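Chemist: Give me a 3D structure for the following:
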Amino acid sequence: MSKTVLSPIISGTMNWGVWDKNLTTKEMENMIQVSIENKITTFDHADIYGSYTTEADFGKAFQASKISREKLQLITKCGIQMIAEKRPENKIKHYDYSKDYIIKSVEGSLKNLKTDYVDVFLLHRPSPLMQADEIAEAVEKLKGEGKIIDFGLSNFTRSQTDLIRSRTEVSYNQVQFSATHYEAMTDGSLDYMQTHGIRPLSWNPLGTVFREDTKQTRRLKKLFSELLEKYHLGSDTLLLAWILKHPAKIIPIAGTVNIARIQSLIKAVELDMDNEDWFAIWTESMGHDVP
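Modeler: As a prediction, the model looks like this:
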């Protein structure tokens with residue numbers, strides 16, 4: 001079981017840096033402050049974000065903010081080796097889960113994030129070549145040195161999770177889950193995590209509702225326009241509330257840098273959506289009634 005208490009909604013930093021918003025140090029500092037003020041105290045990172053630059057940018061902002069380390073929680077991931085200016089030795093995108101690389105990556109993240117430890121460390125994506133014993137050795141060493149508190153996975157299937165957890169404790173699995181991408185709910189993944197005490201984290205929790213114009217998203221938008229009158233909350237908040245109602249206790253990772261939206265997202269935690277409305281969202285996503 002996890003030793004770390006994460007906030008009920010996590011702030012995703014993937015787009016804070018050069019990959020999208022290109023926030024300045026001062027803007028990142030403000031984002032950290034605003035998030036914490038709105039009870040979003042956990043920040044999700046990966047070594048590759050911003051082509052290996054966003055962790056360091058966040059670290060500068062965190063250091064400048066003078067916020068106590070105890071007031072926030074940091075998640076990071078490793079394993080994906082990208083072709084990037086910071087990794088000139090990489091000739092092709094691949095995965096690396098050797099003991100030395102895992103340890104080196106975590107220590108690099110600690111340096112970049114200006115911290116002595118990360119609360120949660122995840123393997124970013126499963127590799128066909130991963131050696132479970134070697135991964136476990138690295139994880140146990142990092143835990144023993146106090147450099148990571150909890151360990152988990154990202155995008156791992158049940159069988160892949162079984163392999164890793166046969167060697168070391170797995171507390172989290174970060175998977176794609178939303179009203180438009182609900183397969184983890186129907187393929188047994190969320191049931192498995194509940195059975196084995198693994199906390200699901202949801203990336204892309206808003207799905208494609210705001211990014212694509214399809215029959216599915218049009219059905220959902222029509223429903224949300226009706227639910228808005230009932231709950232007086234935006235579609236993004238209702239989408240998070242839909243996720244939060246699941247008994248697996250999923251924690252959604254919200255990537256917005258819009259301050260007004262950040263201030264409204266925590267309302268999803270306070271909302272106990274009616275069962276019929278929850279099923280209405282799933283029904284409109286599927287395009288047919290439940291079986």
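Chemist: wait, what's in contact with T283?
Modeler: T283 is in contact with D289, V290, counting by C-beta atoms under 8 Å, 6 or more residues apart in numbering. Quick note: C-beta positions are derived from backbone N, CA and C, even for glycine.
Chemist: In terms of helices and strands, where is it?
Modeler: If you go by DSSP states H and E, T283 is part of helix 275-286.
Chemist: and the closest residue to T4 other than its chain neighbours, helix, strand or coil?
Modeler: Closest residue to T4 apart from its sequence neighbours, by C-beta to C-beta, 6 or more residues apart in numbering: D119 at 4.5 Å. Here D119 is strand, with the state taken from DSSP: H, G, I helix; E, B strand; the rest coil.
Chemist: where's D119 relative to D272, distance?
Modeler: 28 Å (C-beta to C-beta, to the nearest Å).
Chemist: of the two, who's got more company?
Modeler: Taking other C-beta atoms under 10 Å, D119 and D272 do not tie; D119 has more neighbours (21 against 10).
Chemist: Pull out the buried residues from the helix ranked longest in the chain.
Modeler: Counting residues, the longest helix found in the chain (DSSP state H) is helix 215-231. For helix 215-231, burial by neighbour count (16 or more other C-beta atoms under 10 Å) applies to Q216, T217, R219, L220, L223, F224, L227, Y231.
Chemist: Does the fifth one touch E284 like I think?
Modeler: Spelled out, it's L223. Yes: under the criterion of C-beta atoms under 8 Å, L223 makes contact with E284 at 4.9 Å.
Chemist: Work out the gap between the worst-scoring helix or strand of the chain on mean pLDDT and the centre of the chain.
Modeler: One helix or strand of the chain scores below all others by mean pLDDT, DSSP states H and E: helix 259-265, with a mean of 94. Here helix 259-265 is found 18 Å from its chain centre; the criterion is C-alpha atoms, centre = their mean, to the nearest Å.
Chemist: Could you report the neighbour count for L240?
Modeler: Quick note: L240 (other C-beta under 10 Å) scores 29 neighbours.
Chemist: Not counting its neighbours along the chain, what's nearest it?
Modeler: With C-beta to C-beta, 6+ apart as the criterion, L240 has its nearest non-adjacent residue at 3.7 Å, and that residue is A268.
Chemist: try D191
Modeler: A248 (8.0 Å).
Chemist: In three-state terms, label that neighbour for me.
Modeler: Assignment for A248 (three-state DSSP): coil.
Chemist: So for it, what's the pLDDT?
Modeler: Here, the pLDDT recorded for A248 equals 98.
Chemist: What count of nearby residues applies to it?
Modeler: 19.
Chemist: Provide a list of residues in contact with it.
Modeler: Contacts of A248 (C-beta under 8 Å, 6+ apart): L190, D191, M193, Q194, P200.
Chemist: Got phi/psi on it?
Modeler: Dihedral angles of A248 (phi, psi; degrees, to the nearest 10) stand at phi -70, psi -10.
Chemist: what comes up buried for stretch 20-29?
Modeler: Per 16+ other C-beta under 10 Å, stretch 20-29 contains these buried residues: K21, L23, T25, M28, E29.
Chemist: Excluding residues flanking it in the chain, which one is nearest the second one?
Modeler: It refers to L23. Using C-beta to C-beta, 6+ apart, the nearest residue to L23 is W16, at 5.2 Å.
Chemist: ok, that neighbour - how many residues close by?
Modeler: Residues near W16, counting by other C-beta under 10 Å: 26.
Chemist: which SS class is it?
Modeler: Looking at W16 with three-state DSSP, the answer is coil.
Chemist: what pLDDT does it get?
Modeler: pLDDT, W16: 98.
Chemist: One more: I148?
Modeler: You'll see I148 listed with a pLDDT of 98.
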